[in-house]
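K.L.:
Here is my input, please return the structure:
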Amino acid sequence: MNNKYGLIGYPLGHSYSPWIHDAIFRLTGRKGEYSLIEITEDQIPSFFEKLHRSGLEGLNVTIPYKQRVIPYMDEMSSEAQRIGAVNTILIKEDRLIGYNTDYIGFMELLSTLCDDLSGKKVLILGDGGSARTVYTCMCDLKVSVCYMASRKPKKSRMLFKEAFVISYEEVYDLSDLYLTVNCTPVGMYPKKDASPLDLDRIKPFPYYVDLIYNPSETLLMKHVNRTGGKSVNGLYMLVSQGVAAQEIWTNRTIPKDITQKVFQIMKEEKSL
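P.N.:
Okay, the predicted model is just below:
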């Protein structure tokens, strides 16, 4: 019998999660089914009321519900508590345990791009759920300064008290940045010609992470690569957090090379 898992969110039309989890099942020799469960905001209470009778053993959670599901958790991991967002749920008997595997995914993605960040200056573009994860990672990596660009700086300063929250206009005055991370959807398919920053005004970025993975190279990534920097998109993070989720659901360690293999499969099958 197949183990059943799923992803909840809205909308889910362009999600790559089923392909990622099917590849993990295939490479680890496990039988599993992974479904997209598109639910609206008003359907959330009834969904969780029936969840224990659904036959599901685990869930992933994506936008816009990573914070919305928290009241339904019986327990949360330390990362999920600190970040204030849940993207993975373990359904264990009559209990729901919330985790944040985006944290693991981003940390593993960073290791493919740059070295030790301690004492370095970092800029985060955006202040949403993904930015919460990246900000927590930056705190743990002991960066010297973490700037956060926000459209609503006043509101964001209340949420991110230790970050230097700035307006997007102030970004152009920054210097000596080591790493910049885009946590906004600006530049995502189909609006591939958009950029979160004015390319004519920014100083060169040594290292740049764009959490977008479709297109595989955003406009800002192209600019960074063209001006001598190094950049990566968010696909490796997506794969890595998926592997981490399956480890939680099955209580089994998955070999490290599986992440790289699934990453290569996704790049080839989806032309990413």
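K.L.:
Could I get the contacting residues of the most centrally placed residue in the chain?
P.N.:
Geometric centre of the chain, nearest residue: residue 102, 4.6 Å, by CA atoms, centre = their mean. Residues counted as contacts of residue 102 (CB atoms under 8 Å, 6 or more residues apart in numbering) are 83, 85, 87, 130, 133, 237, 241. Bear in mind the C-beta positions are built from the backbone N, C-alpha and C, glycine included.
K.L.:
Make a markdown table out of the residues you listed and add pLDDT.
P.N.:
Below are those laid out as a markdown table (pLDDT from 0 to 100):
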| residue | pLDDT |
| --- | --- |
| 83 | 94 |
| 85 | 91 |
| 87 | 96 |
| 130 | 88 |
| 133 | 94 |
| 237 | 97 |
| 241 | 98 |
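K.L.:
circling back to that earlier point, what's the distance between the residue nearest to the centre of the chain and residue 157?
P.N.:
To residue 157, residue 102 is 23 Å away according to CB to CB, to the nearest Å.
K.L.:
One more: residue 163?
P.N.:
Counting by CB to CB, the gap from residue 163 to residue 157 is 8 Å.
K.L.:
about what we covered before: confirm the residue nearest to the centre of the chain sits in a helix?
P.N.:
Yes: counting by DSSP: H, G, I helix; E, B strand; the rest coil, residue 102 is found in a helix.
K.L.:
If I look at it, what pLDDT would I see?
P.N.:
On pLDDT, residue 102 comes in at 96.
K.L.:
So which residues of the chain form strands?
P.N.:
3-9, 32-38, 58-61, 75-76, 88-92, 95-99, 121-125, 145-149, 164-166, 179-182, 207-210, 230-232 (DSSP state E).
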